[in-house]
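J.: how does the following fold in three dimensions:
(one chain, ligands or ions: 1)
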Amino acid sequence: MSSQANLEHLWMPFSANRGFKAEPRLMNEAKGMYFFKPDGTQVLDGTAGLWCCNAGHGHEKIVTAIQDQAAKLDFAPSFQMGHPLGFEAAEKLLSIAPSDAFQYVFFTNSGSEAVDTALKIALGYQQHRGKIDKTILVGRDRAYHGVGFGGISVGGLPLNKKHFSLLSNVDHICATHDLGKNAFSKGQPDFGEELADDLLRIIEKHGADKIAAFITEPLAGSTGVLIPPKGYLERIREICTEHDILLIFDEVITGFGRLGTPFAADYFGVEPDMITCAKGLTSGTVPMGAVMVKQEIYSAFQDRDPKAIDLFHGYTYSAHPMAAAALIATLDVYREDGLFEHANERSSYWENALHSLKGTDPIIDIRNLGLVAGIEMEPSDGKPGARGYDVFTDAFHNHDLLLRITGDTIALSPPLIAEKEHIDQIVDILRKIIPNH
Ligand SMILES: Cc1ncc(COP(=O)(O)O)c(C=O)c1O
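T.: Take a look at the predicted model:
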């Protein structure tokens, strides 16, 4: 991969294509905590790829399961047909669900598809139970729910919506991020529980009988690591229950041990009605997403002739054999290697190491939970995002560290196998480079 022409034809997602092609950042191999550049240079993975490689890279058990499955059954049609592993994968996923109330899984190929699937299920559910006016979907400002038309509509990122037509029956509550009150909080911030009551404003505006569902990331990652204030999610749950509104947790990045528990729902002790997940579901090895739903939601769709299709929705590759094999092996690895517990044990070391950067100019906030951290830097004059981009490229090109940047916030989420020395290495590099930008 050397000539400019070879790089030209791929239109890269969420990328500055011309900037990348002028100064490429390529990975060629990966193992454990590291990627390797094409010249063999080792790059420390500070982001589990893109919040997904929770088991670390190239885990032998997962690799073998995928290889074996590819040789055994490459594909089986997913509509009106199945293959045993797909059903086993659903059961396996439910075995780590927050409670027995979750009884069904709908498989997709990505987090975006999982979100759009969950929104459709929510709307269909309300119709099936006769609540025909419950057609409004509510999201939150500064939320990211992928890039489907449903996901960008309930999401709260203006640039992701610009140029595109959106779903009309959508509204948003306010975001929770408050630097003035909560900067440099360790773990969940103290202030902001009452912001959950913004959902009451939306309920008053439209009427509870018009609202189908509220979707939220329990901890927002892609929009800059926004940690829910203490009591906030509990209050959201209360309001949704009181007003008969479905609560969907988008756990695409928080699922599978990121907070030291199977799901964020477990960590916060708040149970939603549906959970979307992806990424860590297969440790990033094979594209796959899923929606876990409670019994009563599935049951509501079973009111017709058993020979009639119950949900007019699905993907050619739902429960693809290789993804199903990857899911089963990955969940085994999480359990056998104790990775959720490992993440939990490492989280206080992680917190202290990251917060040791406090006082480093131009850092204006450090926030963390589980094995996630956000380091927010003051934007350079008139150029929001420029400082973040410079730190990101400097870290990769000159210090062999992979970071993730949202605007001027560095988002960190290493594989769950991270040891203290990896954490030290990440923090040492950041201490060195942040003041230079
Ligand atoms: C909370 C959340 N939902 C949905 C998505 C979209 O997932 P995908 O990129 O697999 O479509 C993401 C991706 O980062 C996410 O963080």
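
J.: contact residues of the stretch 251-400 of the chain facing the ligand?
T.: In this structure, the stretch 251-400 of the chain approaches the ligand at residues 252-253, 278, judged by C-beta under 6 Å from any ligand atom. From N, CA and C alone the C-beta is placed, and that goes for glycine too.

J.: list only buried entries from the residues you listed.
T.: 252-253, 278 (16 or more other C-beta atoms under 10 Å).

J.: which one among the residues you listed gets closest to the ligand?
T.: Among those, Val252 lies closest to the ligand (C-beta to the nearest ligand atom), at 3.5 Å.

J.: now the closest one. Nearest residue, chain neighbours left out?
T.: Once flanking residues are discounted, Val252 sits nearest to Gly111: 3.6 Å by C-beta to C-beta, 6 or more residues apart in numbering.

J.: what's the separation between Tyr125 and the ligand?
T.: Distance of Tyr125 to the ligand, computed by C-beta to the nearest ligand atom, to the nearest Å: 20 Å.

J.: surely that residue touches Phe301?
T.: Yes. Shown here, Tyr125 and Phe301 form a contact pair, counting by C-beta atoms under 8 Å, at 7.4 Å.

J.: can you list the domain ranges for this protein.
T.: Per the record, the chain has its domains at 4-55+338-436, 64-336, by automatic domain parsing.

J.: pick the most deeply packed of those.
T.: domain 64-336 (a mean of 20; mean count of other C-beta atoms under 10 Å).

J.: show me what secondary structure element comes after the helix or strand where Glu351 lies.
T.: Secondary structure from DSSP states H and E places Glu351 in helix 339-355. Sequence-wise, the next helix or strand downstream of helix 339-355 (DSSP H and E) is strand 363-369.

J.: confirm Asp116 sits in a helix?
T.: Yes. Per DSSP: H, G, I helix; E, B strand; the rest coil, Asp116 lies within a helix segment.

J.: about what we covered before: so can I have CSV of the residues of the stretch 251-400 of the chain next to the ligand showing secondary structure and distance to Leu7?
T.: Shown next, in CSV, are those (DSSP: H, G, I helix; E, B strand; the rest coil; distance: C-beta to C-beta, whole Å):
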residue, secondary structure, distance to Leu7
Val252, coil, 28
Ile253, coil, 28
Ala278, coil, 27
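
J.: could you export these as TSV, including pLDDT?
T.: Listed next are these as TSV, based on pLDDT from 0 to 100:
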residue	pLDDT
Val252	98
Ile253	98
Ala278	98
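
J.: correct me, but Asp408 touches Phe392?
T.: No. Assessed by C-beta under 8 Å, Asp408 is found out of contact with Phe392, at 10.3 Å.

J.: how far does stretch 349-366 sit from the chain's center?
T.: 23 Å (C-alpha atoms, centre = their mean, to the nearest Å).

J.: show me where the stretch 301-437 of the chain has strands.
T.: For the stretch 301-437 of the chain, the strands defined by DSSP state E, counting those that start in this stretch occupy 363-369, 372-377, 401-402, 404-406, 409-412.

J.: among the ones you listed, which comes closest to Arg237?
T.: Closest approach to Arg237 among those is made by strand 363-369 (18.3 Å; C-beta to C-beta).

J.: enumerate the residues of the stretch 51-200 of the chain near the ligand.
T.: The interface of the stretch 51-200 of the chain toward the ligand, taken as C-beta under 6 Å from any ligand atom, is made up of 110-112, 115, 144-146.

J.: mind doing that once more with 5 Å?
T.: Residues of the stretch 51-200 of the chain lying near the ligand by C-beta under 5 Å from any ligand atom: 110-112, 145-146.
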